[in-house]
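>>> okay, predicted coordinates and the sequence, questions at the end:
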Amino acid sequence: MASVIATVKIMPTSPDVDIEALEKKAVSEITTFSGSDETKTAIEPIAFGLKALNITFVVDEAKGSPDPVAETIAKYEEVNSAEIVDVRRALG
């Protein structure tokens, strides 16, 4: 089977959330889900000091939808929402 490249967008509850700690926690969750440590993170300024965390990761297509990992991250106390915003099949 092929690999899939997915991106999850995580919105914290407030600008006061420690984005680096949230990143470590979310990457750990994603690594457990995907079985791969291939991740890339980016912090996206939104407004009034609020920043979104975008994490792109590689997962085997056989795992199915990456939605369960976003649903797990969305349950974190410091997270307002988490959703899969992009899914692509890796070529090559």
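Perfect, I can see it now.

>>> residues contacting the residue most central in space within the chain?
The chain has residue 8 as the residue nearest its centroid, 3.5 Å off, counting by C-alpha atoms, centre = their mean. For residue 8, the contact set (C-beta atoms under 8 Å, 6 or more residues apart in numbering) comprises 26, 30, 54-55, 57, 66, 69-70, 73, 82-85. Backbone N, C-alpha and C define where each C-beta goes, glycine included.

>>> so what pLDDT did it get?
In this model, residue 8 is scored at 98, pLDDT.

>>> what distance do you get for residue 37 to residue 59?
12 Å (C-beta to C-beta, to the nearest Å).

>>> when the two are compared, which one has more neighbours?
Counted by other C-beta atoms under 10 Å, residue 37 and residue 59 do not tie: residue 59 has more neighbours, with 22 against 10.

>>> so what's the residue count around residue 30?
By the measure other C-beta under 10 Å, the count of residues near residue 30 is 26.

>>> now residue 77
6.

>>> same question, residue 14
Neighbours of residue 14 (other C-beta under 10 Å): 9.

>>> and stretch 2-17, what's buried?
Of all the residues in stretch 2-17, those buried under the rule 16 or more other C-beta atoms under 10 Å are 3, 4, 5, 6, 7, 8, 9, 10, 11, 12, 17.

>>> having no further points to raise, I will conclude here.
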